[in-house]
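J.: take this sequence and fold it.
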Amino acid sequence: MSIPKPNFFIAGGPKCGTTAMSGFLKTHPDIFISEPKEVNFFADDMPKIKFVNNLKDYHNLFKKATDKKIVTDASIFYLYSDTAIKKIYDYNPEAKFLVMLRNPMEMVPSFHSQILFTDEEDTPEFEKAYRLEDKRKKGKKIPKLNRVPKLLYYSEIAKYGKQLQILKQYFPESQIKVILFDDFKKSNRESYLEVLEFLELDDDGRVEFPRINDSKKAKSKFLNKIINRPPSFTQPIARFLRKILNKPRLGIRSSLSKLNRAKTVNQSLNEDMKLKLNKEYRNDIIKLQKIINRDLSIWIS
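T.: Sure, this is the predicted structure:
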């Protein structure tokens, strides 16, 4: 029996509701989402966050999806990646995409909080981290545990107009579904049903939509560092256990991470920082408006 290949990609963006939507879709009887959901296989420009490095191992993540209509890779950095979209097109030009987008004025500081938690960032103050971008593009001031310096480019991570333009160079509109975070927040169920309709699936009757992936901070920075960047000697042990247990992922790090997290509130931006972000993203938001045919003036007002 041949292993199914992914035909649906939740490609971004980060901190835009993708984790929650993936969690909702995962329980639908006709949908399979890989474990881990963020495989990042096609993001060759971010090699250190790829869960697998060859096609055989990638396909093995979907071997249990033989009875599913929709086989999903939910890697949220594909839209931001310089390589992923073309590689996915070469792999499966019939694939469908879900893209979830959020006002950059909200998304960017929230993303900073997220990568601070995962140790890709080490500067707690968003304004200070934002000002470091030029130096980081020159290879300076990169956090010791950071695996992808590109994630530190806060002036680029949420330029959705540019990113969608590239996606539409390869895939037709009929294969792309865009949902705004504002709409998703207003009605989880309505957005959920829109995705099911896009995938040509029946409503499974889901009526409960719990909050998922709130902003968080580590209770213990030391334990958080061990969880996010485990010692090298643990890696062959984990590979051996995964092979013996026939599991793509053990879930130990995920469980420890949940125990070590506490909810937090995103930093509020001062007026000067708001103006800088607004100036940085204004033209791209105007471009995005035209691409998705949606008034986004509230994002830049």
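J.: okay, which residue is most central for this structure?
T.: Nearest to the geometric centre of the chain sits residue 76, at 2.4 Å (C-alpha atoms, centre = their mean).
J.: and it, backbone torsions?
T.: When quoted as degrees, to the nearest 10, the phi and psi of residue 76 stand at phi -70, psi -10.
J.: ok, it - contacts?
T.: Taking C-beta atoms under 8 Å, 6 or more residues apart in numbering as the contact definition, residue 76 lies against 10-14, 18, 38. Placement of C-beta: from N, CA and C, glycine included.
J.: export these to JSON lines and tack on secondary structure and neighbour count?
T.: Formatted as JSON lines, the contacts of residue 76 follow (DSSP: H, G, I helix; E, B strand; the rest coil; neighbours: other C-beta atoms under 10 Å):
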{"residue": "10", "secondary structure": "strand", "neighbour count": "26"}
{"residue": "11", "secondary structure": "strand", "neighbour count": "27"}
{"residue": "12", "secondary structure": "strand", "neighbour count": "28"}
{"residue": "13", "secondary structure": "coil", "neighbour count": "25"}
{"residue": "14", "secondary structure": "coil", "neighbour count": "23"}
{"residue": "18", "secondary structure": "helix", "neighbour count": "27"}
{"residue": "38", "secondary structure": "coil", "neighbour count": "21"}
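J.: which two of these have the greatest separation?
T.: 13 and 38 (12.6 Å; C-beta to C-beta).
J.: ok, back up a step: so which of the contacts of residue 76 is the closest to residue 200?
T.: Using C-beta to C-beta, the shortest approach to residue 200 within the contacts of residue 76 belongs to residue 10, at 16.6 Å.
J.: what pairs with that closest one across the strands?
T.: Going by DSSP bridges, residue 10 is paired in beta bridges with residue 98.
J.: wait, doesn't it sit right on residue 77?
T.: No: the pair residue 10 / residue 77 is not scored as a contact, 11.0 Å apart, by C-beta atoms under 8 Å.
J.: how close does the residue nearest to the centre of the chain get to residue 128?
T.: Using C-beta to C-beta, to the nearest Å, one gets 25 Å for the distance from residue 76 to residue 128.
J.: how about residue 81, what does it touch?
T.: 42-46.
J.: now residue 299
T.: Shown in contact with residue 299 (C-beta under 8 Å, 6+ apart): 103-105, 281, 285.
J.: how about the helices in the stretch 101-250 of the chain?
T.: In the stretch 101-250 of the chain, the segments counted as helices under DSSP state H, counting those that start in this stretch are 104-117, 126-131, 133-137, 160-170, 181-186, 188-198, 221-228, 234-245.
J.: leaving out sequence neighbours, find the closest residue to residue 166.
T.: Of all residues not flanking residue 166 in the chain, residue 85 sits nearest, at 5.7 Å (C-beta to C-beta, 6 or more residues apart in numbering).
J.: other SSEs contacting the helix or strand containing the one you found?
T.: If you go by DSSP states H and E, residue 85 is part of helix 84-91. Secondary-structure packing of helix 84-91 (3 or more C-beta pairs under 8 Å, 6 or more residues apart in numbering; DSSP states H and E): strand 8-12, helix 160-170.
J.: wait, doesn't residue 171 sit right on residue 98?
T.: No: with contact defined as C-beta under 8 Å, residue 171 does not count as touching residue 98 (11.9 Å).
J.: who has more neighbours out of the two?
T.: residue 98 (23 against 19; other C-beta atoms under 10 Å).
J.: where does pLDDT dip in this structure?
T.: By pLDDT under 70, the weakly predicted segments of the chain are 1, 213-267.
J.: longest helix of it?
T.: Secondary structure assigned by DSSP state H gives helix 271-292 as the longest helix of the chain.
J.: give the buried residues for that one.
T.: Buried residues in helix 271-292, counting neighbours by 16 or more other C-beta atoms under 10 Å, are found at 273, 276-277, 280-281, 284-285, 288-289, 291-292.
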